[in-house]
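1. Have a look at this prediction, sequence included:
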Amino acid sequence: MTALVWYRNDLRVQDHQALSAALGHDGPVRALYLLCPAQWDAHDVAPLRRWYVLESLRELGTSLGRLGIVLDIVDAGDFAGVPGALARYCQAHGISALFSTREYPLNERRRDHAVVEVLQPLSIELKGFDDAVLVPPRVLRTGQGTPYTVFTPYRRRWDALLTEQPPGLPLTPSPTRGTRAVPFDASIIDAALAAIDLPPGITDGWQAGEKAARKQLDSFVEGPLRHYKRDRDMPSLPGTSLLSTALSAGTLSIARCFIEADARRASGREGVTTWISELAWRDFYRQIMANYPRLAWGEPFRPETGLVQWSRNDAHFQAWCEGRTGYPLVDAAMRQLNSTGWMHNRLRMVSAMFLTKNLFIDWRLGERYFMQKLIDGDFAANNGGWQWSASTGTDAAPYFRVFSPVRQSERFDPEGHFIRSQIPELAHLDAKTIHQPWRSPMLAPDYPAPVVALDGVRDRVTAAFKAAQDLYKGDTR
């Protein structure tokens, strides 16, 4: 009987637990990807991310073909169509066992529960693997048996567990003697790509697929990782890994990332521990998402903040989206997002903080806009980051935490190199003037004045959150 690998956000051949297990199954192996364009629409998946997934599938199909494994791509429409499409495929190809990587968002879990109900009566063995995380969401619990909601104690337990039980990697599959390569039919990929409305040139700076992801990992651990702690917050420097897209689409294994970094810890590279902490944040937000499914409904983690009376100012929101708020670092960040489909992590915090604190606009609008633009759009990380910035999430820091866009600019882009790269109308300004061009308006006549003042932000935010807390306490007595 035939084993089937159901690919989702794990688009690789190497370091793939489900594929390795399927190849150990007694019998032939097939692979399947169920295309769900209507679900992409419902989840606000960015056009650039769709392109990345489809082009990665093209490479995956060719790589699997060299192993003698057929990758079929079937259009299921949306998640509701997945169980039926999968059942029909399994019956048509005599599938006896299904292997897949577990996914944790609510809609994906509901889809998978529906799949179980459809396939179990067909006597198809189902095997899932926690290959998208280093520590599965169900593993770590507090002394009270509840999920961790604060990162620092979670990170301590996470570190201890991985020290005791280091992640391993499955054997890399390779063609056996006599394996006959099979061709890959990419016609459905070509048709799906033709339906995507991509801005001109936006794919130029990106390479899809597993090979490019592995190359980027190798480049990072041998280069920028050494000074990651020092350089990671400076958007003008190549100091980050640029691996978020590969990790979110699964063209690279997070276990591989951890192992490659951890192997360099003994060499004294100060950036290793800091970068591994970012991998811990990734697991942390996934276990939050898995244990608190109401986040998928647009609810804040802290229920009292659901009563915050956010501002409704369409003009301010549009100015933020288009990078014309009058605050250079915020505008440079948004222009980077709009032109490349990616934003530096420090700038994600700065721009999100500005929207939710300075403009006092609902974080959910910003969360959605990011998903509509980001090539690395990932619900858990995006939601976690936005709620951290808006002070509605798991972070223990108080709600009166406010970033000054000027201070952030002076600190993390002191010479203005990043601002100049994104805002040509400010390129001629010196390193002092560029952070507050409104002080010398005659020098930058084509750049907008600030849409809001900096004064009084903390007081307004504090008053609004306290009012929400008081109202919540009154509602629950």
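-> Cool, got the structure. For clarity, every value in this text was computed on a predicted model and none was experimentally measured.
2. hey, let's count contacts and neighbours off CA atoms from now on
-> Will do.
3. all strands in the stretch 51-200 of the chain, in order from the N-terminus.
-> In the stretch 51-200 of the chain, strands defined by DSSP state E, counting those that start in this stretch lie at 70-75, 95-101, 125-129, listed in chain order.
4. In a markdown table, list the ones you listed along with mean neighbour count.
-> Putting the strands of the stretch 51-200 of the chain into a markdown table (neighbours: other CA atoms under 10 Å) gives the following:
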| stretch | mean neighbour count |
| --- | --- |
| strand 70-75 | 20 |
| strand 95-101 | 21 |
| strand 125-129 | 15 |
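5. Tell me which helix or strand residue 242 sits in.
-> Mapping residue 242 onto the secondary structure by DSSP states H and E places it in no helix or strand at all.
6. Pull the contacting residues for it.
-> Contacts for residue 242 were tallied using CA atoms under 8 Å, 6 or more residues apart in numbering; they are residue 216.
7. Mind doing that once more with 10 Å?
-> 213, 216-217, 220, 342, 344, 376 (CA atoms under 10 Å, 6 or more residues apart in numbering).
8. One more: residue 461?
-> Contacts were defined as CA under 10 Å, 6+ apart; by that measure residue 461 touches 308, 310, 356-358, 360, 399-402, 467.
9. Among these, name the buried ones.
-> 308, 310, 356-358, 360, 399-400, 402, 467 (16 or more other CA atoms under 10 Å).
10. Lowest-confidence entry in the residues you listed?
-> By pLDDT, residue 399 ranks lowest within these, coming in at 71.
11. Might one say that residue 62 is in contact with residue 31?
-> No: look at residue 62 against residue 31 with CA atoms under 10 Å: they stay out of range, at 11.9 Å.
12. residues shared between the contacts of those two?
-> Common contacts of residue 62 and residue 31, defined by CA under 10 Å, 6+ apart, comprise 69-71.
13. which of the residues you listed lies closest to residue 314?
-> Checking the shared contacts of residue 62 and residue 31 against residue 314 by CA to CA gives residue 71 as the nearest, at 45.6 Å.
14. Closest to the centroid, which residue in the protein?
-> residue 378 (2.9 Å; CA atoms, centre = their mean).
15. That one: what's it in contact with?
-> For residue 378, the set of contacting residues under the criterion of CA under 10 Å, 6+ apart consists of 45, 244-245, 247-249, 370-371, 384.
16. Repeat that for residue 229.
-> In this structure, residue 229 makes contact with 239-240, 269-275, judged by CA under 10 Å, 6+ apart.
17. Which pLDDT does the model give it?
-> The score at residue 229 is 94. That number is its pLDDT.
18. Which helix or strand contains it?
-> Residue 229 is part of helix 228-231, with elements assigned from DSSP H and E.
19. now swap in residue 453 and tell me
-> Residue 453 is part of no helix or strand, with elements assigned from DSSP H and E.
20. pretty sure it is touching residue 357, no?
-> No: under the criterion of CA under 10 Å, residue 453 lies out of contact with residue 357, with a separation of 11.8 Å.
21. circling back: can you point out the buried residues in the helix holding residue 229?
-> Along helix 228-231, the positions that meet the burial threshold by neighbour count (16+ other CA under 10 Å) are 228-229, 231.
22. any idea of the angle the helix or strand residue 4 falls within forms with strand 70-75?
-> With elements taken from DSSP H and E, the one containing residue 4 is strand 2-7. If you take axes from the mean of the first three to the mean of the last three CA atoms, to 10 degrees, strand 2-7 sits at 60 degrees to strand 70-75.
23. Low-confidence regions, the stretch 251-400 of the chain specifically.
-> Along the stretch 251-400 of the chain, segments meeting pLDDT under 70 span 268-269, 396-397.
24. To clarify, my last question referred to the stretch 101-250 of the chain.
-> Applying pLDDT under 70 to the predicted model, the residue ranges of the stretch 101-250 of the chain that meet it are 177-178.
25. Can you show me the helices along it?
-> Shown for the stretch 101-250 of the chain, the helices assigned by DSSP state H, counting those that start in this stretch span residues 106-119, 151-164, 187-194, 210-222, 228-231, 244-249.
26. I figured residue 325 hits residue 333, correct?
-> No: counting by CA under 10 Å, residue 333 is not a contact partner of residue 325; they are 11.2 Å apart.
27. What about the buried ones among the contacts of residue 461, which are in helices?
-> residue 467 (DSSP state H).
28. Adding distance to residue 53 as columns, could you present the buried ones among the contacts of residue 461 in JSON lines?
-> As requested, the buried ones among the contacts of residue 461 are arranged in JSON lines below (distance: CA to CA, whole Å):
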{"residue": "308", "distance to residue 53": "37"}
{"residue": "310", "distance to residue 53": "35"}
{"residue": "356", "distance to residue 53": "31"}
{"residue": "357", "distance to residue 53": "34"}
{"residue": "358", "distance to residue 53": "35"}
{"residue": "360", "distance to residue 53": "34"}
{"residue": "399", "distance to residue 53": "37"}
{"residue": "400", "distance to residue 53": "39"}
{"residue": "402", "distance to residue 53": "36"}
{"residue": "467", "distance to residue 53": "44"}
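29. Looking at the buried ones among the contacts of residue 461, which one is closest to residue 424?
-> Proximity of the buried ones among the contacts of residue 461 to residue 424 was ranked by CA to CA; the top entry is residue 358 with 24.5 Å.
30. Nearest residue to that closest one in space, please, no chain neighbours.
-> Taking CA to CA, 6 or more residues apart in numbering, and ignoring the residues beside it in sequence, residue 358 has residue 457 as its nearest neighbour in space, at 5.9 Å.
31. what's near enough to touch that neighbour?
-> By CA under 10 Å, 6+ apart, the contact list for residue 457 reads 357-360, 400, 402-404.
32. Need those in JSON lines (columns: distance to residue 190).
-> Shown next, in JSON lines, are the contacts of residue 457 (distance: CA to CA, whole Å):
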{"residue": "357", "distance to residue 190": "43"}
{"residue": "358", "distance to residue 190": "44"}
{"residue": "359", "distance to residue 190": "42"}
{"residue": "360", "distance to residue 190": "42"}
{"residue": "400", "distance to residue 190": "49"}
{"residue": "402", "distance to residue 190": "46"}
{"residue": "403", "distance to residue 190": "44"}
{"residue": "404", "distance to residue 190": "46"}
